[in-house]
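A.B. asks: Starting from these lines, generate the structure:
(one chain, ligands or ions: 1)
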Amino acid sequence: MAAQYDYLVVGAGFAGSVISERLASELNKKVMLVERRPHVGGNSYDCYDDAGILVHKYGAHIFHTNHDDVWQYVNRFAQWNGYVHRVLAYVDGLKLPIPINLTTVNTLLRKNFDEQGIRDYLASVRVNIGEIKNSRDVVLSQVGEFFYEKFFKNYTYKQWGVYPEALSPEVTKRIPLRFNTDDRYFGDKYEGLPVDGFFKLFDRMLDHKNITIALNTDYKKIINDVKFDYLIYTGPIDYFFDNMHGELPYRSQRFEFETLDVEYYQEVAVVNYPNDHLFTKITESKHFTKQRHPRTTIVREFPEATGEPYYPVPMESAAAIYAKYKGEADKLKTVYFAGRLAEYKYYNMDQAVKRSLELFQTIAASK
Ligand SMILES: Cc1cc2nc3c(=O)[nH]c(=O)nc-3n(C[C@H](O)[C@H](O)[C@H](O)COP(=O)(O)OP(=O)(O)OC[C@H]3O[C@@H](n4cnc5c(N)ncnc54)[C@H](O)[C@@H]3O)c2cc1C
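C.D. replies: Okay, here's the model as predicted:
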């Protein structure tokens, strides 16, 4: 006889894991959590490499949030190391703070502006654009042509395979502009990484008698063998509907790891390369994990058009396809869609947690 569960949850990233934990702990529901990969944690997964260095397998993941409830929730499963993220961009032979701040402008232009000086300078170079239609318009209207060319144009092309004018404004709207020397990348109220890594956090979150985990399993392979009342789906929405409205475009990424016989390779965790090389950035995880080790591992990130689906593509044509899938999803009464792949939406980790906490409230209220 097939095993009976209250909920089948597909995908063990933050979206799927948080909802599984909530349903199991708070509502005493029996949950089967199915994950295609050989581990839980989704893209936030980290592990020790052959040299014994803790690395992020799917790119650097820094937790940051302004939501008190999200922060309180994740603190139940980990202690946090207080890391504050800083990023440099390699431009014209210099390593400069990004997001652009007073130091970035003064160093690149060899000026000595104060806060008012930089405001006046940017006001003089900013392009007057009526209606903001795309990502290029956002940048030009904030910092003008020179900084657009140096920091945004080629980086965007490498990251997305198209220039900023083809992308919706949201992509560059997320990036702040600072008139002081604040060089924090995020600037949220809470920030850091789990002291013993993300994998351990997921391990503790999912350690519950009501949760059964099946790894290395595509849900379509088992769905007819498991009995369940509700499905919570956090995988790609087009795959769920057998691509009936066509495939949604995703941007992928190749990660090239290299271990070096030096204690540290670079000054900060992430150095972006907008204009040089084929990779977008080099990440050195020891900076954010705070691990002490005589050697170090770096990773170069190469964006790619095909492969594992990482980033929903922020273009109108993709949004139109997603809208059709959303229409199908809304017709289903016993299936919930949550997370960055199921909702085809760029979510940071905290937003994925928030989304699942809210979904839990909706489910709990309906019981
Ligand atoms: C390179 C990169 C860097 C990032 N850096 C940050 C950062 O610094 N800070 C931050 O807050 N966020 C960051 N993010 C975003 C973060 O990864 C997401 O917010 C988070 O992963 C969302 O969780 P999720 O559960 O929605 O998706 P995911 O973590 O992608 O989890 C979905 C899971 O579903 C599984 N799945 C898919 N299809 C199936 C199937 N058919 N059957 C079974 N399982 C399936 C997948 O294998 C995956 O494990 C980054 C993302 C990327 C790609």
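A.B. asks: which residues touch residue 205?
C.D. replies: 17-18, 21, 77 (CB atoms under 8 Å, 6 or more residues apart in numbering). No exception for glycine: its C-beta is placed from N, CA and C like everyone else's.
A.B. asks: which stretches of the stretch 1-150 of the chain form helices?
C.D. replies: 14-26, 68-74, 102-109, 115-125, 135-147 (DSSP state H, counting those that start in this stretch).
A.B. asks: Pull the residues that contact the second one.
C.D. replies: Applying CB under 8 Å, 6+ apart, the external contacts of helix 68-74 come out as 18, 63, 65, 80, 189-190, 201, 350, 353-354, 357.
A.B. asks: Let me have the helices of the stretch 1-150 of the chain in a markdown table, adding distance to residue 291 as columns.
C.D. replies: Formatted as a markdown table, the helices of the stretch 1-150 of the chain follow (distance: least, CB to CB, whole Å):
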| stretch | distance to residue 291 |
| --- | --- |
| helix 14-26 | 23 |
| helix 68-74 | 20 |
| helix 102-109 | 28 |
| helix 115-125 | 37 |
| helix 135-147 | 35 |
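A.B. asks: Make CSV from these and add mean pLDDT and mean neighbour count to it.
C.D. replies: Output for those, formatted as CSV (pLDDT from 0 to 100; neighbours: other CB atoms under 10 Å):
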stretch, mean pLDDT, mean neighbour count
helix 14-26, 98, 25
helix 68-74, 98, 17
helix 102-109, 97, 19
helix 115-125, 95, 13
helix 135-147, 95, 20
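A.B. asks: Which of the ones you listed sits closest to residue 38?
C.D. replies: Closest approach to residue 38 among the helices of the stretch 1-150 of the chain is made by helix 14-26 (15.5 Å; CB to CB).
A.B. asks: so what does that closest one touch, helix or strand wise?
C.D. replies: strand 4-10, strand 31-34, helix 198-205, strand 211-214, helix 349-366 (3 or more CB pairs under 8 Å, 6 or more residues apart in numbering; DSSP states H and E).
A.B. asks: Render the CA-only coordinates of the longest strand that the chain contains in CSV, please.
C.D. replies: Ordering each strand of the chain by length in residues (DSSP state E) puts strand 250-260 first. What follows is strand 250-260, C-alpha atoms only, in CSV (Å, rounded to 0.1, in the frame of the first residue of the first chain):
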residue,chain,number,x,y,z
TYR,A,250,16.4,30.9,-17.3
ARG,A,251,20.0,32.2,-16.9
SER,A,252,22.4,29.6,-15.8
GLN,A,253,25.9,29.7,-14.4
ARG,A,254,29.1,27.6,-14.4
PHE,A,255,31.3,27.6,-11.3
GLU,A,256,35.0,26.9,-11.6
PHE,A,257,36.6,26.2,-8.3
GLU,A,258,40.4,26.5,-7.6
THR,A,259,42.3,25.8,-4.4
LEU,A,260,45.4,27.9,-3.9
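A.B. asks: list the helices and strands it packs on?
C.D. replies: Helices and strands touching strand 250-260, by 3+ CB pairs under 8 Å, 6+ apart, are strand 296-304, strand 311-312.
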